[in-house]
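In: Using only what follows, build the 3D model:
(one chain, ligands or ions: 1)
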Amino acid sequence: MSYNLDGKVVIITGGTSGIGLETARLFSKESSKIMITGRNIEKMEKAKEVLEEDGGKIETISADLSNLEDMDKIIEKTEKNLGPIDILINNAGRSYPGDFFTTEPKLWEEILKNRITSPLYLTQKVLSKMIRRKTGTVIFMGAVIYKEPIPENVMAATAGGGILSATKALARLVASNGIRVNAILLGQFDTPMVRKGLKTYADLHSISEEEAANLRASQNPTGRFGDPKEAAQLALFLASESASYINGSLIPVDGGRSWSI
Ligand SMILES: NC(=O)c1ccc[n+]([C@@H]2O[C@H](COP(=O)([O-])OP(=O)(O)OC[C@H]3O[C@@H](n4cnc5c(N)ncnc54)[C@H](OP(=O)(O)O)[C@@H]3O)[C@@H](O)[C@H]2O)c1
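Out: As a prediction, the model looks like this:
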């Protein structure tokens with residue numbers, strides 16, 4: 001099925017790995033023009049090479065969420081090399097599990113900056129350009145724990161809750177300009193980020209990585225992790241005109257893990 005995203009200009013932050021990379025792959029197959037961002041240059045160049053094989057026009061830029069100036073640079077380079085921005089996917093980030101009582105304020109600041117300030121700053125700048133063109137769509141890659149917070153992840157869930165509120169408020173703010181804002185709430189996906197977490201967990205509990213993976217996977221009703229493609233497919237749909245009446249929605253892709261109505 002084609003979503004008619006041919007030639008659309010897409011920014012995917014964190015498009016060099018895991019869910020972001022898989023999302024970029026699907027947009028490539030649609031012949032979109034894609035800016036992928038990350039911090040690791042080697043990873044970024046490798047991703048560009050792979051994605052170009054799928055037919056997309058790919059640009060890259062090194063951008064760190066901890067630096068607001070980098071967000072400005074993403075927009076400048078995208079507009080200069082690809083054209084006006086049609087789609088923004090705020091995906092870059094990492095998980096922040098940890099004991100609330102031993103979390104230092106310096107880490108709270110990092111979490112708030114990476115989870116809220118930088119994606120919202122980027123979104124603010126992109127939306128003001130979209131408003132002038134009266135077209136565009138923004139997607140936040142969030143997590144089900146933003147909606148159903150867990151005690152192992154107090155700070156990330158707290159910051160993430162802000163993104164859910166922002167999605168709702170922004171969707172109403174810009175809807176009359178023909179722009180949609182939505183969030184995807186991820187369960188557990190098999191990505192480098194999750195694999196890294198499994199290794200830490202395995203080392204901590206003196207079990208193998210495979211045992212840790214099986215244990216975590218069994219916590220999902222499906223008994224398995226999600227494939228990054230299963231999240232990317234929703235991003236592609238939400239970005240397309242097929243989702244023209246979906247706005248301000250917080251949509252879980254979690255194999256049934258979240259239970260609230
Ligand atoms: N996988 C899951 O189960 C899951 C669940 C809930 C939410 N999420 C969220 O979904 C998003 C994608 O996760 P993933 O599992 O695909 O992770 P991943 O494979 O580790 O990819 C993360 C991407 O974000 C970039 N990134 C990370 N920290 C960054 C920073 N401070 N500044 C700029 N770029 C940064 C990485 O680039 P570099 O490596 O170059 O820094 C990479 O391109 C993340 O926001 C994550 O928190 C994932």
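
In: how many neighbours does whichever residue of the stretch 51-200 of the chain sits closest to the ligand have?
Out: Nearest to the ligand, among the residues of the stretch 51-200 of the chain, is Gly93, at 2.7 Å (C-beta to the nearest ligand atom). Every C-beta, even on glycine, is put in place using the N, C-alpha and C of the backbone. Gly93 sits with 22 neighbouring residues when counted by other C-beta atoms under 10 Å.

In: leaving aside the residues next to it on the chain, what's closest to it?
Out: Asn114 (5.9 Å; C-beta to C-beta, 6 or more residues apart in numbering).

In: Please name the residues that touch that neighbour.
Out: 65-66, 92-94 (C-beta atoms under 8 Å, 6 or more residues apart in numbering).

In: Does at least one residue of the top helix by length along the chain sit close to the ligand?
Out: Assignment by DSSP state H gives helix 154-174 as the longest helix of the chain. No: counting by C-beta under 6 Å from any ligand atom, the ligand has no neighbours in helix 154-174; the shortest distance is 7.8 Å.

In: starting at the chain centroid, how far to that helix?
Out: Its chain's C-alpha centre and that of helix 154-174 lie 13 Å apart, by C-alpha atoms, centre = their mean, to the nearest Å.

In: In ChimeraX, select just the buried ones from the contacts of Asn114.
Out: Here is the ChimeraX command that selects the buried residues among those (16 or more other C-beta atoms under 10 Å):
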select :65,92,93
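
In: Among the contacts of Asn114, which one sits closest to Trp259?
Out: The closest of the contacts of Asn114 to Trp259 turns out to be Gly93 (C-beta to C-beta; 24.3 Å).

In: Next, the closest one: secondary structure please.
Out: Using DSSP: H, G, I helix; E, B strand; the rest coil, the structure places Gly93 in coil.

In: Would you check that it makes contact with Ile116?
Out: No: in this structure Gly93 lies outside contact range of Ile116 using C-beta atoms under 8 Å: 10.6 Å.

In: For the stretch 51-200 of the chain, list the residues in contact with the ligand, please.
Out: 63-66, 91-95, 114, 141, 143, 186, 188-189, 191-194.

In: Looking at these, which are in helices?
Out: Within these, residues falling in helices by DSSP H are 192-194.

In: Could the C-alpha coordinates of the strand or helix carrying Ser118 be exported in PDB?
Out: In this assignment (DSSP states H and E), Ser118 forms part of helix 118-133. The C-alpha coordinates for helix 118-133 follow below in PDB (Å, rounded to 0.1, in the frame of the first residue of the first chain):
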ATOM      1  CA  SER A 118      14.600  20.000  23.000                       C
ATOM      2  CA  PRO A 119      11.800  18.200  21.200                       C
ATOM      3  CA  LEU A 120       9.400  21.000  22.100                       C
ATOM      4  CA  TYR A 121      11.900  23.700  21.000                       C
ATOM      5  CA  LEU A 122      12.300  21.800  17.600                       C
ATOM      6  CA  THR A 123       8.600  21.400  17.300                       C
ATOM      7  CA  GLN A 124       7.900  25.100  18.100                       C
ATOM      8  CA  LYS A 125      10.200  26.200  15.300                       C
ATOM      9  CA  VAL A 126       8.900  23.600  12.800                       C
ATOM     10  CA  LEU A 127       5.300  24.300  13.600                       C
ATOM     11  CA  SER A 128       5.600  28.000  13.000                       C
ATOM     12  CA  LYS A 129       6.900  27.200   9.500                       C
ATOM     13  CA  MET A 130       4.200  24.700   8.900                       C
ATOM     14  CA  ILE A 131       1.500  27.200  10.000                       C
ATOM     15  CA  ARG A 132       2.800  29.600   7.300                       C
ATOM     16  CA  ARG A 133       2.300  26.900   4.700                       C
END
